[in-house]
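Novice: Need coordinates for the below:
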Amino acid sequence: MDFEDVGDDLSIIVDNLSTNEKILKLADTINYPLPKLLGKKKALYKLRAEIICAYAATAIHIVNLYADERMAKLIIDSFLEKSSLYFFKDIEKNTNNFQQIYGKRLNEYFPIFLQEKAMIGLSFHLYRNIGFSDAGNIEKQLLLAKLFGNCLALCNAKMMEFRDQNTEATEEQVVANVMDELKREISDWKADAAKAGLEMIIAYSGADSEQFEALQSKLTFSQFQIIMSYVERMTCDDEDEEDFDYDKKYEDYHQALDDIVEGLKKPIKKALKKNSEFDETTVLLACEMITYAIACHARKETQIKIHQISWNSFKTSVEHRAMPYVSEEAIKKVESSRPKPRPNEFISYATPAFGYLQQMENLIKSQDENTDINAQLFLKYFSINVRELDGEIIRELDEKIEQACKLCEDYIVFNVQEVFS
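Specialist: Numbering: from 1, shown residues only. Predicted coordinates:
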């Protein structure tokens, strides 16, 4: 799966969620004011335009969470190109000033996604944008929040699939994909410069330093920088299966989080086997939770200035990572325990995974300054009796936690600051 496939799939998701039939059903459900005869079609297109703006903003937000700046641009460009074919042109033809509306709505929605429990603000803005002025209809608010949630879940699943498949790609596939992207990037260069750029890649791969240096003079400085960025991406270092590779160049913090989770899995699984309630899925959830706790600890230790809105965005992305591992029982428990909203109160729909991450955050905040975190802290949280465990398991988990702390302090918190600030 390449970036064009992802962009296409995301546009199909938005298209499928906003068909005329679904918009008509939505209008009926929320009692959207429709003329009986004249103007009905125009009114439905106006509603569909607002819903599509909300879905498009959601899709783009998810892409930005999972992909680095370069890949995000490629995916979003593909998404917009396919969306133009599937529905944008139709909406533009039947809705006045759609391009202006679309730009305005995205500027409204994007900052709200960065807020904690963002569904409150998102549903409020969508509620007002489709023409309602009252704030007391809980059923309507609930439905609009679910629209965002449904689109968020589908887009999130697609980006996770893309990330996982790209992580598993072979070195040859990585090189082939990079070369394809490079050819597209230099397609508007002059022929001699484009030829020199490609030959530089070949010379580098063949360790022909003389040819590589000779070709540099045919490129401008900016062109040379572009070629070097692709050379760096095509350089694959061997990964250490046991310990984290601190010299590894990650494309984004998700890859670093993946390495931490993978390193924690073995000792966590051994420790949690003492409790028969834990299964493979719960092991993965525990690893995601501990990884987030370590990131919180790194933020606290480094004292790096990350705005809370930026950290909330990071937290949301980890929430989506952890959500597939939350049990049905936990989901039902959260749903049943939600208080009934009061009149004129909008509803927040954080996932059940949010609560687990909040517990980890509180656990780290409760620790004294300059106190190292260790295996016993987390084993106690999971109600595991340390005395019943083999000492080797605790030592192994302590080692992985120490390595993860270093990776978070040296890379992840700084990448979060760079990505979201």
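
Novice: for this protein, what helix or strand is lowest in average pLDDT?
Specialist: In the chain, the helix or strand scored least confidently by mean pLDDT, DSSP states H and E is helix 328-337, which has a mean of 49.

Novice: Following the chain onward from the helix or strand hosting Leu363, which element is next?
Specialist: Leu363 is part of helix 352-365 when elements are defined by DSSP states H and E. Downstream of helix 352-365, the next assigned helix or strand under DSSP H and E is helix 375-381.

Novice: State the distance from Tyr66 to Leu272.
Specialist: Noted for Tyr66: a distance of 28 Å to Leu272, by Cβ to Cβ, to the nearest Å. From N, CA and C alone the C-beta is placed, and that goes for glycine too.

Novice: With Tyr356 instead?
Specialist: As judged by Cβ to Cβ, Tyr356 and Leu272 stand 15 Å apart.

Novice: the more surrounded of those two?
Specialist: Each of Tyr356 and Leu272 had its neighbours counted (other Cβ atoms under 10 Å), and the higher figure belongs to Tyr356 (22 against 19).

Novice: Give the full set of residues in contact with the residue lying closest to the more buried one once chain neighbours are set aside.
Specialist: Sequence neighbours aside, Met289 is the residue nearest to Tyr356 in space, at 5.3 Å (criterion: Cβ to Cβ, 6 or more residues apart in numbering). With contact set as Cβ atoms under 8 Å, 6 or more residues apart in numbering, Met289 has these partners: 322, 356-357, 359-360.

Novice: change it to 10 Å
Specialist: 264, 268, 318, 322, 325, 353, 356-357, 359-360, 363, 378, 381-382 (Cβ atoms under 10 Å, 6 or more residues apart in numbering).

Novice: Likewise for Ser229?
Specialist: Residues near Ser229 by Cβ under 10 Å, 6+ apart: 70, 178, 182, 185.

Novice: what's the domain layout of this structure?
Specialist: Domain assignment for the chain by automatic domain parsing gives 3-167, 171-233, 253-420.

Novice: All the helices of the stretch 101-250 of the chain, in order from the start?
Specialist: Counting by DSSP state H, counting those that start in this stretch, the stretch 101-250 of the chain has helices at residues 119-129, 138-167, 171-185, 191-205, 209-216, 221-233.

Novice: what residues does the fifth one touch?
Specialist: Here helix 209-216 makes contact (Cβ under 10 Å, 6+ apart) with 193, 195-206, 208, 223-224, 227-228, 231.

Novice: among these, which ones are buried?
Specialist: Neighbour counting with 16 or more other Cβ atoms under 10 Å marks 193, 196-201, 203-204, 223-224, 227, 231 as buried within the contacts of helix 209-216.

Novice: Pass me the low-pLDDT residue ranges in the stretch 101-250 of the chain, would you?
Specialist: Low-confidence segments of the stretch 101-250 of the chain, defined by pLDDT under 70: 116-117, 134-137, 166-175, 205-207, 232-248.

Novice: Apply 80 and report the result again.
Specialist: 114-121, 133-143, 145, 163-180, 203-210, 212-213, 216-217, 221-222, 224-225, 228-250 (pLDDT under 80).

Novice: Could you dump the contacts of Ser229 into TSV with neighbour count and distance to Gln115 added?
Specialist: Rendered in TSV, the data for the contacts of Ser229 read as follows (neighbours: other Cβ atoms under 10 Å; distance: Cβ to Cβ, whole Å):
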residue	neighbour count	distance to Gln115
Arg70	13	27
Val178	17	36
Leu182	21	38
Glu185	17	35
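
Novice: ok, of the buried ones among the contacts of helix 209-216, which one's closest to Leu38?
Specialist: Closest approach to Leu38 among the buried ones among the contacts of helix 209-216 (Cβ to Cβ): Gln223, at 58.2 Å.

Novice: Which positions in stretch 122-129 come out as buried?
Specialist: 122-127, 129.

Novice: Give me the residues contacting that stretch.
Specialist: By Cβ under 10 Å, 6+ apart, stretch 122-129 touches 30, 47, 49-51, 53-54, 57-58, 101, 104-105, 108-109, 112-113, 115, 132-135, 137, 140-149, 152, 346-349.

Novice: same thing but 8 Å
Specialist: For stretch 122-129, the external contacting residues (Cβ under 8 Å, 6+ apart) are 50-51, 53-54, 105, 108-109, 112-113, 135, 140-141, 144-145, 147-148, 346-347.

Novice: Any of these buried? List them.
Specialist: 50-51, 53-54, 105, 108-109, 112-113, 140-141, 144-145, 147-148, 346-347.

Novice: that older thread, same list, the buried ones among the contacts of helix 209-216, but as a markdown table with distance to Gly39 please.
Specialist: Listed next are those as a markdown table, based on distance: Cβ to Cβ, whole Å:
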| residue | distance to Gly39 |
| --- | --- |
| Ala193 | 56 |
| Ala196 | 60 |
| Gly197 | 56 |
| Leu198 | 57 |
| Glu199 | 62 |
| Met200 | 61 |
| Ile201 | 59 |
| Ala203 | 66 |
| Tyr204 | 63 |
| Gln223 | 55 |
| Phe224 | 59 |
| Ile227 | 57 |
| Val231 | 59 |
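
Novice: ok, the nearest residue to Phe132 once chain neighbours are set aside - contacts?
Specialist: Residue nearest to Phe132 in three dimensions, not counting chain neighbours: Lys140, with 6.9 Å by Cβ to Cβ, 6+ apart. Contacts here follow Cβ under 8 Å, 6+ apart; on that basis Lys140 touches 30, 127, 132.

Novice: of the residues you listed, closest to Leu85?
Specialist: Closest to Leu85, out of all of the contacts of Lys140 and judged by Cβ to Cβ, is Ile30, at 29.0 Å.
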